[in-house]
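S.K.: Show me the folded form of this:
(one chain, ligands or ions: 1)
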Amino acid sequence: MPELPEVETVRRGLARVVTGWSITGVVVANPKVLRGQLPETLRERLLGRRIQQIDRRGKYLLVRLSPALCSFEPLSLCIHLKMRGQMMVEPEDSEPGKYHCVTIVVRGEDPAKAACLRFYDAWTWGELRALYESELASSVPALAQMGPEPLTDDWTGAVLGQTLAKRRTAIKPTLLDQKVVAGVGNIYADEALYRSRIHPQRVAGSLTPDEVNRLADAVKTILTEAVEGGGTTSENFFDVAGDAGRYEPQVYERGGLPCRHCAAVLTRIRLAGRSAVFCESCQPLTR
Ligand SMILES: [Zn+2]
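M.R.: Have a look, this model is predicted:
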C-alpha cells in the first residue's frame with residue numbers, strides 16, 4: 001500500500017502539473033471507487049472548478065477546488081490509493097489503460113495545455129470522491145481521527161512518548177495505527193524500528209524516553225529519505241508519470257536475507273495480521 005512518501009510523491013507530481021488548471025470533463029468507468037457517491041454527483045461537483053492546491057493528510061490526497069458560484073463551501077477531491085490505486089497524468093488524447101476507474105480532464109489557462117488525471121485501481125479498494133468540508137468528517141472518519149503528521153516540527157519524540165505511554169500493544173502495529181502517527185504503514189514501520197534498533201514486539205508503553213526519541217527521529221529521517229527517493233521501489237507503485245520509486249528498504253520484504261548492518265539473517269514474523277521483518281541481533285527483545 002502506498003504510504004506517506006508515495007502519496008507525497010503523487011501529490012508533488014500532480015501539484016507540479018495541474019495547479020491552477022480547470023476541470024472540463026469527468027468520466028467514471030468504474031463507480032466502485034466512488035464509495036457510494038453517484039457518478040452524476042461527482043461530475044456535477046467537479047465540472048468547471050479550478051484546482052487551487054493539492055494537500056496530503058496521512059495517506060489521503062486532498063485536491064482543493066475553487067468555490068462555485070452557487071456555494072462558497074470549500075470542496076475537495078478526496079483520494080485514497082489503498083492497496084493498488086494509482087493516480088496518473090496522461091495526455092488528453094490518450095486512451096485509458098487497464099483497470100481504469102475515473103478520468104478527470106483538466107485544462108490550463110492556455111487552452112493548448114490539457115491532460116487527463118486518471119485513477120486506476122486493479123483491486124478497486126481505493127477511494128475518490130468530491131466532498132464538501134461539512135461532509136469530510138462523516139464520509140471519511142479516518143481523516144477526522146488522523147494523528148499528527150510526522151514530518152512537522154510539532155511532532156517530536158516527546159509527543160510520540162505521550163501517545164505511546166499507556167499502550168500495551170506491540171510497537172509495530174501501534175505505529176501502523178493512523179491515530180498514533182499519520183501516513184506510516186508496513187514498509188516504514190519496519191524500516192523505522194530497524195533504524196532505531198527496537199524489536200517490533202516490544203510493548204509500546206515500555207519504550208524508554210531514549211528509545212522513543214530514536215524512533216521518532218528514525219521515522220522522520222526515513223520518511224524524508226523516501227520522499228526524496230520518490231517512494232519505495234515496488235511493482236505496485238508508480239508516480240504520476242509512471243516512474244517507479246527509487247527508495248530501497250533495508251528490511252521490509254527482506255526476510256531470510258542478510259542484515260546490511262551485521263549480516264545476521266533477517267527474521268520475518270506475523271504480527272497483528274501483518275508481516276514484520278527485523279534483525280534479532282540489531283533489534284534484541286530487551287524487555
Ligand atoms: Zn543486524
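S.K.: Return the residues in contact with the residue nearest to Thr224 when sequence neighbours are not counted.
M.R.: Distance criterion CB to CB, 6 or more residues apart in numbering; nearest residue to Thr224, sequence neighbours excluded, is Leu151 at 6.7 Å. Every C-beta, even on glycine, is put in place using the N, C-alpha and C of the backbone. Contacts for Leu151 (CB atoms under 8 Å, 6 or more residues apart in numbering) come out as Leu4, Lys220, Leu223, Thr224, Val227.
S.K.: Next, the buried residues of the helix or strand hosting the fourth one.
M.R.: The one in question is Thr224. Assigned by DSSP states H and E, Thr224 falls within helix 209-228. Neighbour-count burial for helix 209-228 flags 211-216, 218-220, 222-223, 226-227 (criterion: 16 or more other CB atoms under 10 Å).
S.K.: ok, which of those residues also contact the ion?
M.R.: The subset of those within reach of the ion, by CB under 5 Å from the ion, is empty.
S.K.: so which of those would you say is closest to Ala114?
M.R.: Proximity of the buried residues of helix 209-228 to Ala114 (CB to CB) peaks at Val227, which lies at 28.5 Å.
S.K.: Verify the stated contact: the closest one with Val7.
M.R.: No. Using CB atoms under 8 Å, Val227 makes no contact with Val7, being 9.8 Å away.
S.K.: Which element, helix or strand, includes the residue in the stretch 51-200 of the chain that the ion sits nearest to?
M.R.: Relative to the ion, the nearest point of the stretch 51-200 of the chain is Tyr194 (8.1 Å; CB to the ion). Element membership for Tyr194, per DSSP H and E: helix 186-195.
S.K.: Which parts of the stretch 1-150 of the chain are strands?
M.R.: Using DSSP state E, counting those that start in this stretch, the strands of the stretch 1-150 of the chain run over 22-28, 51-57, 60-65, 75-80, 85-91, 100-107, 114-121, 127-132.
S.K.: contacts for the first one?
M.R.: Residues external to strand 22-28 that are found in contact with it (CB under 8 Å, 6+ apart): 34, 39, 42-43, 46-51, 65, 101-107, 114.
S.K.: Give the rounded mean pLDDT of it.
M.R.: Mean per-residue pLDDT for strand 22-28: 98.
S.K.: picking up where we left off before, just the CA atoms of the helix holding Thr224, as PDB, please.
M.R.: What follows is helix 209-228, C-alpha atoms only, in PDB (Å, rounded to 0.1, in the frame of the first residue of the first chain):
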ATOM      1  CA  PRO A 209      12.500   8.100  26.500                       C
ATOM      2  CA  ASP A 210      15.700   7.500  24.700                       C
ATOM      3  CA  GLU A 211      14.200   4.700  22.600                       C
ATOM      4  CA  VAL A 212      11.100   6.900  21.800                       C
ATOM      5  CA  ASN A 213      13.400   9.700  20.700                       C
ATOM      6  CA  ARG A 214      15.400   7.400  18.500                       C
ATOM      7  CA  LEU A 215      12.200   6.000  17.000                       C
ATOM      8  CA  ALA A 216      10.700   9.500  16.200                       C
ATOM      9  CA  ASP A 217      14.000  10.600  14.700                       C
ATOM     10  CA  ALA A 218      14.100   7.400  12.600                       C
ATOM     11  CA  VAL A 219      10.500   7.900  11.400                       C
ATOM     12  CA  LYS A 220      11.300  11.400  10.300                       C
ATOM     13  CA  THR A 221      14.700  10.500   8.700                       C
ATOM     14  CA  ILE A 222      13.300   7.500   6.800                       C
ATOM     15  CA  LEU A 223      10.200   9.200   5.600                       C
ATOM     16  CA  THR A 224      12.300  12.200   4.400                       C
ATOM     17  CA  GLU A 225      14.700   9.900   2.500                       C
ATOM     18  CA  ALA A 226      11.800   8.000   1.000                       C
ATOM     19  CA  VAL A 227      10.100  11.200  -0.200                       C
ATOM     20  CA  GLU A 228      13.400  12.400  -1.700                       C
END
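S.K.: Right, I'll call it a day here.
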